[in-house]
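> Quick one: sequence and predicted model below, then my questions.
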Amino acid sequence: MLCGTPMRQLVRDAVEATLYALKAAGALKLESMPGFSIDPPKQEAHGDFSVNVAMMLAKPEGKKPRDIAEAIVKGLKHEGIAKVEIAGPGFLNFTLNDAVIQATAREVLTAGDAYGRAAKKTGTKVMVEYVSANPTGPIHIGHARGTFVGDAIARLLDAAGHDVTREFYTNDFGRQVETLGRTVYKRYQQAFGVEVTLAEGEYPADYVIEIGKRLAARDGKKWLEAPEAEWLPVAMQFGIDQNLEMIRATLARAGVHHDVFTSEASLHQAGTVKGIVDVYRQRGATYEADEARNRKNTERNAESKAAQYADKQLGGTFLETGKHGDDEDRVILRRDGTPVYLTADLAYHKSKFDRGFQRCIDVFGADHGGHVPRIKAGMRLLGIDDTKMQFVLVQIMRIVRNGEEVKVSKRKGTLFELDDLIEEVGADVCRFTFLMRTANSQFDFDLDAVTKRSSDNPVFYFQYGHARCAQILKKATEAGQPFSGAPTDAQLATLTLPEERMLLKRMSLLPDLVAGAADALEPHRVLYYCQELIAGFHQYYTKYKHTERVITDDPVKTQGRLAMVAALKQTLKAAFGILGITAPDYMEAPAEEAD
């Protein structure tokens, strides 16, 4: 049925049918259907959709694009299209019939919360690894942005129809967790009155004191006189488990969950880490040397881990990553036969593909950007198509109050944690603010700005759009004209104002926008879309509030406009839901709209 056909698909179907007809008539060779684009033009006056198919066909057909465009216009026949105009070198600008535009309201309402989501599964198995904070403490501000970006990417990919697995890689092996174990043991001793002194690099925060007390409560004095070889593994594991429990609780408050927690220690215990070295050896990709053969004459950043631990990387088994895009070859086994961190990371990434994932996405802090070419090179050396791997590098944001950076929690006296931020401004505000720009952009999280209840606050403005729609529908019920929920063609036909047409067209774009944002791994696109939609509605509401009101004495027109408002509310709710942001039905109006 005409009214059930999405607008962009309607245009595509009409163009393709016309091209096949031209081929049958001998006017075109059409050896294959070109991948032409159908996009809203930059100016509303240029129609509803602009199509570049004539330019795409010019070279294979050996014709001028405008000649092809004229042939398409002449042969085009579709009841949903009002007119087609040729612009520039051969763009086709389509204007659709009002009934097609108006039918968007019904399509949105019929789809409900599923609107914007793919109707069919793609069959693609995707893994998104994100957060992956060391289990040595709570999630702090340094992890916060990656937490929400990773979660939003996973949600987008799920909405686009992919089979998504959310994974947290736990770095529970090596020096850091040994240091945690020793600190926990000292706090355990302290619980029994033993005086302790923390060594440099050990963890002084209160949460470790609490972990020590819990270990004492669980095991009593069992470990007080035990040798280190007995108490250290116990203290390490207890500290890791306690911190992971704390991390999971914080993630839950943030509305974030993971399907799988993979342990680095388990990879070592299973022999997977040293096993990958054997795989590389068998492939002829390693050599024994005192230093890398092809190291470029570049100086390492003095503050980098590579520079700090350079003395520990003097010789061993090198992997030939320098031949595959890395700056130099990398040590994967030290002289003493112990693997480095990179070795475990390579084994872990190989395991992703061994588990059948067809697309693997890592959300890293921007400070880990140098690790990316090493991992990609390592996968190439295994014969894995590294284009199936994507890395999203997230810039760390500053938390600012009164123009000054906030690093320490006033309440705890420790590093500002994600829990602190959620407690102060709420999970929705956190999520919105961290997602509102591209992951690699730098900007400040201004605590003063995001807590204002005014249209100057983008978070408030965002959610207030949905609340305004909800309140209009509520007022219609109170006025004795509740929205029927099933608008008729006659009711929808009253939606003829330019702003109404524009709002309906924008609503129709959500499914394609979600698919594009998922493919590009860019959640901010959905926020931009919602902000444009909300801005258009606020302008419409303000412009006509004293003339063409939504609720009028004309029941047919009222139902038509209520259908548009209800569809807008549903579109926003669906888009919010895809990103994990709640859609409130009531918010106090900003001061500038108190009337």
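In hand now; what should we look at? This one's a predicted model, so the numbers in the text were calculated from it and none came from an experiment.

> how about the nearest residue to the residue minimising distance to the centre of the chain, chain neighbours excluded?
For the chain, the residue nearest the mean C-alpha position is residue 153 (2.4 Å; CA atoms, centre = their mean). Spatial nearest neighbour of residue 153, excluding adjacent residues (CB to CB, 6 or more residues apart in numbering): residue 521 at 5.2 Å. To be clear about C-beta, it is placed using only N, CA and C from the backbone, and glycine gets the same treatment.

> need the next SSE after the helix or strand bottoming out on mean pLDDT in the chain, C-terminal direction.
Lowest on mean pLDDT, DSSP states H and E among the helices and strands of the chain sits helix 305-308, with a mean of 56. Counting by DSSP states H and E, the next helix or strand C-terminal to helix 305-308 is strand 316-319.

> which of the residues in that next one are buried?
Buried residues in strand 316-319, counted by 16 or more other CB atoms under 10 Å: 316, 317, 318, 319.

> For residue 14, state which of those is nearest.
If you rank the buried residues of strand 316-319 by distance to residue 14 using CB to CB, residue 319 comes first, at 54.8 Å.

> That closest one is in contact with residue 281, isn't it?
No - using CB atoms under 8 Å, residue 319 is not in contact with residue 281; the gap is 9.8 Å.

> Tell me where the stretch 451-595 of the chain has helices.
Remark: helices assigned in the stretch 451-595 of the chain by DSSP state H, counting those that start in this stretch are 458-478, 489-492, 498-508, 510-520, 524-544, 555-579.

> Can you check which of these gets nearest to residue 416?
Of all these, helix 458-478 comes closest under CB to CB, at 19.3 Å.

> That closest one to helix 524-544, inter-axis angle?
Helix 458-478 runs at 50 degrees relative to helix 524-544, counting by axes from the mean of the first three to the mean of the last three CA atoms, to 10 degrees.

> And the average pLDDT for helix 458-478 is what?
Per-residue pLDDT over helix 458-478 has a mean of 90.

> Equivalent analysis for stretch 54-64, please.
95.

> and it, how far from the chain's centre?
In terms of CA atoms, centre = their mean, to the nearest Å, the centre of stretch 54-64 is set 38 Å apart from its chain centre.

> go on, stretch 371-379?
Worked out by CA atoms, centre = their mean, stretch 371-379 lies 22 Å from the chain centre.

> So what touches it?
Stretch 371-379 is contacted from outside by 319, 321-327, 330, 342, 345-346, 349-350, 353, 362, 364, 386, 389, 391, 393, using CB atoms under 8 Å, 6 or more residues apart in numbering.

> what's the spacing between residue 576 and residue 583?
Remark: distance between residue 576 and residue 583 (CB to CB, to the nearest Å) = 5 Å.

> how about low-confidence regions in the chain?
1-5, 296-313, 408-415, 455, 589-595 (pLDDT under 70).

> Can you tell me the element the spatially closest residue to residue 368 that is not a sequence neighbour falls in?
Closest residue to residue 368 apart from its sequence neighbours, by CB to CB, 6+ apart: residue 393 at 7.5 Å. For residue 393, the host element (DSSP H and E) is strand 389-394.

> now for that strand, which elements pack on it?
In terms of contacts (3 or more CB pairs under 8 Å, 6 or more residues apart in numbering; DSSP states H and E), strand 389-394 is packed against helix 141-159, strand 359-365, helix 372-380.

> at 6 Å what do you get?
helix 141-159, strand 359-365 (3 or more CB pairs under 6 Å, 6 or more residues apart in numbering; DSSP states H and E).

> Indicate each strand paired with it and its parallel or antiparallel sense.
Partner strands and pairing direction for strand 389-394 (DSSP bridges) are strand 359-365 (parallel).

> isn't residue 530 right up against residue 575?
Yes - when contacts are counted by CB atoms under 6 Å, residue 530 is listed as touching residue 575 (5.2 Å).

> sorry, back to before: please tabulate the helices of the stretch 451-595 of the chain in JSON lines, including the columns mean neighbour count.
Below are the helices of the stretch 451-595 of the chain laid out as JSON lines (neighbours: other CB atoms under 10 Å):
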{"stretch": "helix 458-478", "mean neighbour count": "19"}
{"stretch": "helix 489-492", "mean neighbour count": "18"}
{"stretch": "helix 498-508", "mean neighbour count": "20"}
{"stretch": "helix 510-520", "mean neighbour count": "20"}
{"stretch": "helix 524-544", "mean neighbour count": "18"}
{"stretch": "helix 555-579", "mean neighbour count": "23"}
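
> Out of these, which is closest to residue 201?
Nearest to residue 201, of all the helices of the stretch 451-595 of the chain, is helix 524-544, at 37.9 Å by CB to CB.

> and the closest one with helix 498-508, angle?
For helix 524-544 against helix 498-508, the angle by the same axes, to 10 degrees is 160 degrees.

> which residues sit against helix 524-544?
The contact list for helix 524-544 (CB atoms under 6 Å, 6 or more residues apart in numbering) reads 435-438, 465, 499, 503, 506, 513, 517, 568, 575, 579.

> Okay, and residue 252 sits in which element?
helix 228-253.

> what do you get for residue 196?
Per DSSP H and E, there is no helix or strand for residue 196.
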